[in-house]
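Participant: 3D, please:
(chains A and B)
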Amino acid sequence: MPKSAPDKKKKLSPQIIVIIVLAILVAISAGALATRYIYLNFFDNSKATVTIEDNLIGDNNNQDAESNQNADTDQSADTNPENDSQQAVGENNNTSDLSDSGQGNTDETKTETEKPKATVIELFKGQPEDNETFNVTNMLPGDIVTKYFCVKATHDSDFNLLFAAQITNQTKQLANALNIRISIPETDTVLYDGTFAQADKQELCKTVLKNDQGQTIIYYKIDVYMDTSVGNEYQAASLTADFDWYVNEQDSLTSPDTGDNLNIILWSILLLSSAAIMLLLLLKSRKEENKR
Amino acid sequence: MNNSGVTKKRAYGHIAVIIILVLMLAATTYALILSLVSADGNIFETGQVEIELNGGQTVFDGSDVNIAPGLSTEKSFTLENKGTADIYYRIYMENISGALQEVLTFEIYDQDKLLFSGKSKDLTKDSPCTSDTPLAPGEIKTLKAVVKMSEDADNTYQNGDITFDITADAVQAKNNSNKVFD
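Facilitator: As a prediction, this is how the structure comes out:
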């Protein structure tokens, strides 16, 4: 008996060990998320730039400000051709755009964006009509429907922004007759132009170069169209697809900064609850051992 | 018994906690390693072009047509757009046979507007009777067909007849300003 008592004290059951290990991992993971959130919200000054961009993109009266449009398009923000207004983010030349917005000091914007950041992408609501999903009905041969999607990337190095369209549902093999053209309006680059069937799950790469702002806004123009030659067999057909933008570079990945505070509150709760569970389990096991 | 019950309870508790922690870990790890944004559920639906001629009923069924030189008979028939898009339509005759085709003149009216006038052999797929204005989805157009027998028709056409099929084709009006059917 005297020998077995100390053994019991030292030995934790395998389940408890697993729980402790998992709790520690969760705590680390949630802690990393929380740290990142705190960093982006309180120490990452480029947030101000985001606000300025938003105002510029929505400003239709800003069309005279194109004089300093950046030719090196990969390093600057892409424009939305619908109103030809220029995005704020970019290299060097974007400062006058920022001043045109009447908000903030452009010099501040320049100096505040030197901090290193990992790559973060998010669908960015640059204009009210951006990033609204397609919901096209009664499409006929010869029809073309266009939508713009705006992706904002926060990055401290060059990276490849990947796009993939995934067909989730279709009838009458409509993917063989429905065409999709994905292009970058700023550079007039067509990433893909062909049938949905061939585009399905195909990765389309857009290289985004590092810039002084540490942030790039990329507009994707997506045209979905049917040739006039499409036959009657595709009448009353439907197709549903998801569009995904993502980054594959593992070393520079973080979760997207969605601006949704609820997320980080959730993570904080998870962090605290896991820590609490860990403590409770430890205390409980010690109490029980003491009782014995 | 008591001890084993407590042990079981504890074991279940541990398992539950492990499952919760694994899920939490998976969620946090996923959020950390993945940078992905999506625009999900993009829907594309094609329209439909469909036309119905006279509700599927024969226009001239022979029961009430008793025509003579200089006389005419008329029949109304309908065209219904049963599709989801505006359409143009064309009407023409096929499989024409019988001696009367030489002495009968067909006229097709949209209310008072004359759309076609000519012999049955002139109302073909290549020279059909077409609409100027599109037919909206669900719209029903009533047309009038007037058949006149030439006053010059002699007795050789007595007890003569004519049989033909009337066909209506539809094509989308959108992106088709030239009314191309084929």
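
Participant: In CSV, list the C-alpha atoms belonging to stretch A:16-24.
Facilitator: Only the C-alpha atoms of stretch A:16-24 are listed here, as CSV (Å, rounded to 0.1, in the frame of the first residue of the first chain):
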residue,chain,number,x,y,z
ILE,A,16,-6.5,12.7,-19.1
ILE,A,17,-3.1,13.0,-20.8
VAL,A,18,-4.9,13.2,-24.2
ILE,A,19,-7.2,15.8,-22.9
ILE,A,20,-4.4,17.9,-21.5
VAL,A,21,-2.4,17.6,-24.8
LEU,A,22,-5.5,18.6,-26.8
ALA,A,23,-6.4,21.4,-24.5
ILE,A,24,-2.9,22.8,-24.8
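
Participant: From B:D86, how far out is the closest residue to chain B within chain A?
Facilitator: Of all residues in chain A, A:G142 sits closest to chain B, at 2.9 Å by C-beta to the nearest C-beta. Where you see a C-beta, it was placed from the backbone N, CA and C, and this is true even at glycine. Going from A:G142 to B:D86 by C-beta to C-beta, to the nearest Å gives 13 Å.

Participant: Which pLDDT value belongs to the residue nearest the centre of chain B?
Facilitator: Centrality entry for chain B: nearest residue to the mean C-alpha point is B:E50, 0.3 Å, by C-alpha atoms, centre = their mean. Note on B:E50: pLDDT of 93.

Participant: B:A153 now?
Facilitator: Model confidence at B:A153 (pLDDT) stands at 81.

Participant: Give the rounded mean pLDDT of whichever helix or strand A:M278 is part of.
Facilitator: Element membership for A:M278 (DSSP states H and E) is helix A:261-291. Here helix A:261-291 scores 73 as its mean pLDDT.

Participant: With chain B in mind, check whether that helix reaches it.
Facilitator: Yes - counting by C-beta under 8 Å from any C-beta of the partner chain, chain B is contacted by helix A:261-291 at A:267, A:270, A:274, A:277, A:281.

Participant: coming back round to it: give me the common contacts of A:G142 and B:D86.
Facilitator: Common neighbours of A:G142 and B:D86 (criterion: C-beta atoms under 8 Å, 6 or more residues apart in numbering or on different chains): B:172, B:174.

Participant: These two - which one has more neighbours?
Facilitator: More neighbours surround B:D86 than the other of A:G142 and B:D86, with 20 against 15 (other C-beta atoms under 10 Å in any protein chain shown).

Participant: Could you report the separation of the more buried one from B:N175?
Facilitator: Distance, B:D86 to B:N175, by C-beta to C-beta: 11 Å.

Participant: Which residue comes closest to the closest residue to chain A within chain B once chain neighbours are left out?
Facilitator: The nearest approach of chain B to chain A comes at B:N175, 2.9 Å away (C-beta to the nearest C-beta). Sequence neighbours aside, A:G142 is the residue nearest to B:N175 in space, at 2.9 Å (criterion: C-beta to C-beta, 6 or more residues apart in numbering or on different chains).

Participant: show me the contacts for the one you found.
Facilitator: Counting by C-beta under 8 Å, 6+ apart, A:G142 touches A:226-228, B:172, B:174-176.

Participant: List only buried entries from those.
Facilitator: A:226, B:172, B:174, B:176 (16 or more other C-beta atoms under 10 Å in any protein chain shown).

Participant: I figured the third one hits B:T84, correct?
Facilitator: Same thing as B:K174. No - between B:K174 and B:T84 there is no contact under C-beta atoms under 8 Å: 11.0 Å.

Participant: Okay, helices next: where are they in chain B?
Facilitator: Remark: helices assigned in chain B by DSSP state H are B:2-33.

Participant: what packs against the least confident helix or strand in chain B by mean pLDDT?
Facilitator: Lowest by mean pLDDT, DSSP states H and E among the helices and strands of chain B is helix B:2-33, with a mean of 74. Helix B:2-33 sits against helix A:14-38, helix A:261-291, with contacts defined as 3 or more C-beta pairs under 8 Å, 6 or more residues apart in numbering or on different chains; DSSP states H and E.

Participant: any idea of the angle the longest one forms with helix B:2-33?
Facilitator: In terms of direction (axes from the mean of the first three to the mean of the last three C-alpha atoms, to 10 degrees), helix A:261-291 departs from helix B:2-33 by 150 degrees.

Participant: With the shortest one instead?
Facilitator: Between the direction of helix A:14-38 and that of helix B:2-33, the angle (the same axes, to 10 degrees) works out to 30 degrees.

Participant: which parts of helix A:14-38 are buried?
Facilitator: Per 16+ other C-beta under 10 Å, helix A:14-38 contains these buried residues: A:15-16, A:18-20, A:22-23, A:25-34, A:36-37.

Participant: And chain B, is that helix touching that?
Facilitator: Yes - with C-beta under 8 Å from any C-beta as the criterion, chain B is reached by helix A:14-38 at A:15-16, A:18-19, A:22-23, A:25-26, A:29-30, A:32-33.

Participant: Let's test this: mean pLDDT of that helix, rounded?
Facilitator: Across helix A:14-38, pLDDT averages out at 77.

Participant: Which elements pack onto that helix?
Facilitator: Using 3+ C-beta pairs under 8 Å, 6+ apart: helix A:14-38 touches helix A:261-291, helix B:2-33.

Participant: Reformat these as JSON lines; add mean neighbour count.
Facilitator: Shown next, in JSON lines, are the helices and strands packed on helix A:14-38 (neighbours: other C-beta atoms under 10 Å in any protein chain shown):
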{"stretch": "helix A:261-291", "mean neighbour count": "15"}
{"stretch": "helix B:2-33", "mean neighbour count": "14"}
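
Participant: Take these and write them to CSV, including distance to B:E102.
Facilitator: What follows is the helices and strands packed on helix A:14-38, written out as CSV (distance: least, C-beta to C-beta, whole Å):
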stretch, distance to B:E102
helix A:261-291, 83
helix B:2-33, 81
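
Participant: For A:I121, which of those is the nearest?
Facilitator: Nearest to A:I121 among those is helix B:2-33 (13.7 Å), distances taken as C-beta to C-beta.

Participant: Just checking the distance from the closest one to the centre of its chain.
Facilitator: Its chain's C-alpha centre lies 60 Å from the corresponding centre of helix B:2-33 when counted by C-alpha atoms, centre = their mean, to the nearest Å.

Participant: hey, where'd the strands end up in chain A?
Facilitator: Assigned by DSSP state E, chain A shows strands spanning A:120-123, A:135-139, A:144-154, A:159-170, A:178-184, A:189-195, A:204-208, A:215-226, A:238-247.

Participant: weakest of these by average pLDDT?
Facilitator: strand A:120-123 - the lowest mean pLDDT of those, at a mean of 71.

Participant: which strands and helices sit next to that one?
Facilitator: Applying 3+ C-beta pairs under 8 Å, 6+ apart, we find strand A:120-123 packed against strand A:144-154, strand A:238-247, strand B:36-46.
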